[in-house]
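Colleague: Have a look; sequence and predicted model below, questions after that.
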Amino acid sequence: MTIHHDTRPTLNLIRLANGEGLDLPAYESKGAAGMDLRAAVDGDAPLTLAPGKRALVPTGFIFEIPEGFEGQVRPRSGLAFKHGITCLNSPGTVDSDYRGEVKVLLANLGEEAFVIERGMRIAQMVIAPVTQARVAEITAASETARGAGGFGSTGV
Ligand SMILES: O=c1ccn([C@H]2C[C@H](O)[C@@H](COP(=O)(O)OP(=O)(O)OP(=O)(O)O)O2)c(=O)[nH]1
Ligand SMILES: [Mg+2]
């Protein structure tokens, strides 16, 4: 007999008042890397994002990101391609100790106004492992073949 354990980390979500009735963030295909986040804007007052403008769009949930992980808030490529809608701070970083509402900083880089309706899938969140480094100040860097060469030093 094979016993299958679910080894995935658990993501606890706390629904806020403005998230009432919204679908939970979800992976939209079997192998999706990110779960889609929905706009928790007022159902009676969609948000219009004019060209060149940005807005902090609520998701209606607090995410308890498991320790040792982060949430990366990334654009949806369809919205970016069709409408020029992106996450201005992409990838947005949600820390594992953050207990506020997750919000999405959308920007309209397109030429037309974009209307964000309640429940619209506006971005996606990838849960990714994080390593916190120990920080140590030293006086000289070790030698390498690359040295200080960067920013195209190996050719274009
Ligand atoms: O797209 C995002 C990015 C951040 N956050 C929340 C969760 C994150 O843990 C917190 C702080 O984000 P960050 O560290 O990127 O911003 P900061 O400007 O450094 O703010 P702080 O001084 O609060 O760390 O804001 C979001 O809800 N969505
Ligand atoms: Mg910070």
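Modeller: Looks like it came in fine. Ligands and ions are numbered 1, 2, ... in the order given.
Colleague: all helices for this structure, in order.
Modeller: 77-83 (DSSP state H).
Colleague: Show me which residues of it sit near ligand 1.
Modeller: Val73, Asn89, Gly92, Thr93, Val94, Asp95, Tyr98, Val102, Lys103, Val104, Leu105 (CB under 6 Å from any ligand atom). For the C-beta atoms, the positions are set from N, CA and C on the backbone; glycine is no exception.
Colleague: The closest residue to the second one other than its chain neighbours: neighbouring residues, count only.
Modeller: By that I understand Asn89. Distance criterion CB to CB, 6 or more residues apart in numbering; nearest residue to Asn89, sequence neighbours excluded, is Leu105 at 5.1 Å. Using other CB atoms under 10 Å, Leu105 has 16 neighbouring residues.
Colleague: Could I have the buried ones of the residues of the chain next to ligand 1 as ChimeraX selection syntax?
Modeller: A single ChimeraX command selects the buried members of the residues of the chain next to ligand 1 (16 or more other CB atoms under 10 Å):
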select :73,92,94,102,103,104,105
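Colleague: which residues touch Asp6?
Modeller: With contact set as CB atoms under 8 Å, 6 or more residues apart in numbering, Asp6 has no partners.
Colleague: how close does it sit to ligand 1?
Modeller: According to CB to the nearest ligand atom, to the nearest Å, Asp6 and ligand 1 sit 26 Å apart.
Colleague: In the chain, which residue sits closest to ligand 1?
Modeller: Gly92 (2.2 Å; CB to the nearest ligand atom).
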